[in-house]
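**Student:** give me coordinates for this.
(chains A, B and C)
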Amino acid sequence: MGKIELRLQELGIDLPEPPKAVANYVPCVQTGNLLFVSGQVSANLKGKAGADVDPELAYEGARQCAISLLAQAQAALGDLDRITRVVRLGGFVNCGPDFTAIPQVINGASDLMVEVFGDAGRHARAAVGAPSLPMGVTVEVDAVFQID
Amino acid sequence: MGKIELRLQELGIDLPEPPKAVANYVPCVQTGNLLFVSGQVSANLKGKAGADVDPELAYEGARQCAISLLAQAQAALGDLDRITRVVRLGGFVNCGPDFTAIPQVINGASDLMVEVFGDAGRHARAAVGAPSLPMGVTVEVDAVFQID
Amino acid sequence: MGKIELRLQELGIDLPEPPKAVANYVPCVQTGNLLFVSGQVSANLKGKAGADVDPELAYEGARQCAISLLAQAQAALGDLDRITRVVRLGGFVNCGPDFTAIPQVINGASDLMVEVFGDAGRHARAAVGAPSLPMGVTVEVDAVFQID
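**Tutor:** Residues are numbered from 1 along each chain as shown, chains lettered A, B, ... in the order given. I've put the predicted structure just below:
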């Protein structure tokens, strides 16, 4: 069992069956030492942060996006130990014009990466609002990983 | 005539004269084996998807963005055969808070890439809504290509 | 004194103390020859472009984001002369559905990069609207730099 697989087990995190690509894009593309992962959504959490969805719950939605990113990377790489650094996360929060706690929501994804990878999980990120997201989900996060 | 140029001809796609940079940014930057292409907009399609613009028409707008991305890459590279993989597309749909068919719109860009490049056209992507886009256009898509 | 440091002095630009990371993400991650810098916000400029904030002032906000990007890169690299190209800027403008002068706002960041780096400051970019940004700021810009 790999080091990261073991760490996920310690944290009680089961990687879900990664969502299939439903169109002409794919979950992951590797180029050189970089793995680009498509935006993963909080499939079970819909509605606008701050209006329909409490910020604390939206944080959990962002965490779920991060877990889906790992599930996709696992399926693409075979072994999450091949990830040597989380390079960048791009986070989008479905919200109205008055919701400003966007960083606090995306922290759900950032915290998960550091729980799993330690210092190698610390990443650059951008976090912004969106008036709407695919299927009305609350959070979408995409990623760039460095791999060996 | 290059392989991709021939494929575009088979598909009946004429690459337009690529829009000039109108400010202190440029259409394309190459770094190592990656070509970053600036966001291309559906210049002839304005308004909000789902309100002013039918989703089917917005799909065509996204396809037009993808054709502009290729026109810019062609101008930068001289030969689209140098593209060995479409790595990532970032898609933004101009819409209100209730429009959720964002993936279906951005599929217009994704489908074009696979029509042109086959499996090498399958890419990672993020697709989100935006409350507004430059000049009121309906769709904006940017890209990262892998080149030889 | 480095060439870029001297250029900043000529331009009368003092790099601020870069904002600390306040969560499990970091300002910069280097991978290979690329430096990914987290989204920097117009911390002193809040509100919606076109409604609360004039476009000209929003331009200054974008310029401030670019200066913060340089401050973060300086802190990470030690020497801005190590930047050989500004590869990409991603710009987000906090605005309502009717504001379309998004490129003009983000030009504040693009212009700064070219003032400082000359032709090496010309970059690919995407510029889009957002219904809200962290802490209600008017502009957020992230960056990818090529370094030696």
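**Student:** how about the contacts made by A:Phe117?
**Tutor:** Taking Cβ atoms under 8 Å, 6 or more residues apart in numbering or on different chains, we find A:Phe117 in contact with A:4, A:83, A:86. C-beta: built from backbone N, CA, C; applies to glycine.
**Student:** can you list those in JSON lines and add pLDDT?
**Tutor:** Conversion of the contacts of A:Phe117 to JSON lines gives the following (pLDDT from 0 to 100):
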{"residue": "A:Ile4", "pLDDT": "95"}
{"residue": "A:Ile83", "pLDDT": "98"}
{"residue": "A:Val86", "pLDDT": "98"}
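**Student:** near chain C, anything from the longest strand belonging to chain A?
**Tutor:** Of all the segments of type strand in chain A, defined by DSSP state E, the longest one is strand A:83-94. Yes - for a cut-off given as Cβ under 8 Å from any Cβ of the partner chain, strand A:83-94 has contacts with chain C, namely A:85-89.
**Student:** list the buried residues of stretch A:18-36.
**Tutor:** Buried positions in stretch A:18-36, judged by neighbour count with 16 or more other Cβ atoms under 10 Å in any protein chain shown: A:18, A:21, A:24-31, A:34-36.
**Student:** how about stretch A:4-17?
**Tutor:** By neighbour count with 16+ other Cβ under 10 Å, stretch A:4-17 contains the buried residues A:4, A:7-8, A:13, A:15.
**Student:** determine which two of the residues you listed are furthest apart.
**Tutor:** For the buried residues of stretch A:4-17, the maximum inter-member distance is 11.8 Å, found between A:Arg7 and A:Leu15 (Cβ to Cβ).
**Student:** what's the distance between A:Asp79 and chain C?
**Tutor:** When Cβ to the nearest Cβ, to the nearest Å is applied, the distance between A:Asp79 and chain C equals 19 Å.
**Student:** that residue contacts A:Lys3, doesn't it?
**Tutor:** No - using Cβ atoms under 8 Å, A:Asp79 is not in contact with A:Lys3; the gap is 9.5 Å.
**Student:** for A:Ala73, helix, strand, or coil?
**Tutor:** Assigned with DSSP: H, G, I helix; E, B strand; the rest coil, A:Ala73 falls in the helix class.
**Student:** which one is A:Ala101 nearest to, not counting chain neighbours?
**Tutor:** A:Pro55 (5.1 Å; Cβ to Cβ, 6 or more residues apart in numbering or on different chains).
**Student:** please report how far the one you found lies from A:Pro131.
**Tutor:** Applying Cβ to Cβ, to the nearest Å, one obtains 18 Å for the distance of A:Pro55 from A:Pro131.
**Student:** up against chain C, what does chain A have?
**Tutor:** A:32-34, A:85-89, A:95-100, A:102-103, A:107, A:110-111, A:113-114, A:121-131, A:144, A:146.
**Student:** show me where chain A has strands.
**Tutor:** According to DSSP E, chain A carries its strands in the segments A:28-31, A:34-41, A:83-94, A:124-130, A:139-147.
**Student:** single out the most deeply packed of these.
**Tutor:** strand A:124-130 (a mean of 28; mean count of other Cβ atoms under 10 Å in any protein chain shown).
**Student:** what sits against the residue positioned nearest the centre of chain A?
**Tutor:** A centroid search over chain A (Cα atoms, centre = their mean) returns A:Ala66, at 2.5 Å, as the residue closest to the centre. The neighbours of A:Ala66, taking Cβ under 8 Å, 6+ apart as the test, are A:40, A:89, A:108-110, A:112-113, A:141.
**Student:** of all these, which two lie farthest apart?
**Tutor:** Checking these against each other with Cβ to Cβ, the farthest-apart pair comes out as A:Gln40 and A:Ser110, at 14.3 Å.
**Student:** A:Gly2 touches A:Asp81, doesn't it?
**Tutor:** Yes - here A:Gly2 reaches A:Asp81: they are 4.4 Å apart, a contact under Cβ under 8 Å.
**Student:** higher neighbour count, the two?
**Tutor:** A side-by-side neighbour count of A:Gly2 and A:Asp81, using other Cβ atoms under 10 Å in any protein chain shown, places A:Asp81 first with 16 against 13.
**Student:** distance of the more buried one from A:Arg7?
**Tutor:** Between A:Asp81 and A:Arg7 the distance, using Cβ to Cβ, works out to 10 Å.
**Student:** next one: A:Thr100
**Tutor:** Plainly put, A:Thr100 is 33 Å away from A:Arg7 if you go by Cβ to Cβ.
**Student:** tell me the pLDDT of the residue lying farthest from the centre of chain A.
**Tutor:** Outermost residue of chain A with respect to the C-alpha centroid, by Cα atoms, centre = their mean, is A:Asp98; its distance is 24.1 Å. Taken from the predicted model, the pLDDT recorded for A:Asp98 is 97.
**Student:** OK, contacts around it?
**Tutor:** In this structure, A:Asp98 makes contact with A:50, C:132, judged by Cβ under 8 Å, 6+ apart.
**Student:** at 10 Å instead, please
**Tutor:** Taking Cβ atoms under 10 Å, 6 or more residues apart in numbering or on different chains as the definition of contact, the neighbours of A:Asp98 are A:50-51, C:131-132, C:136.
**Student:** kindly report the same for A:Val141.
**Tutor:** So A:Val141 contacts A:37, A:39-42, A:61-66, A:68-69, A:89-93, A:106, A:108-110, A:112-113, A:125, A:127, B:126 (Cβ under 10 Å, 6+ apart).
**Student:** for it, give the beta-bridge partners.
**Tutor:** Here A:Val141 sits in beta bridges with A:Gln40, A:Gly91, going by DSSP bridges.
**Student:** how much space separates it from A:Ala73?
**Tutor:** Where A:Ala73 is concerned, A:Val141 sits at a distance of 13 Å (Cβ to Cβ).
**Student:** between these two, what contacts are shared?
**Tutor:** A:Val37.
**Student:** now for the strands of chain A, which one comes closest to C:Lys46?
**Tutor:** Short answer: strand A:124-130, nearest of those by Cβ to Cβ, at 13.7 Å.
**Student:** per-residue pLDDT, the residue nearest to the centre of chain A?
**Tutor:** On pLDDT, A:Ala66 comes in at 98.
**Student:** one more: A:Glu60?
**Tutor:** As predicted, A:Glu60 sits at a pLDDT of 98.
**Student:** again with A:Pro18
**Tutor:** Looking at A:Pro18, its pLDDT reads 89.
**Student:** which residues are in contact with it?
**Tutor:** Counting by Cβ under 10 Å, 6+ apart, A:Pro18 makes contact with A:27-28, A:37, A:40, A:67-76.
**Student:** of A:Pro55 and A:Pro131, who's got more company?
**Tutor:** A:Pro131 (28 against 16).
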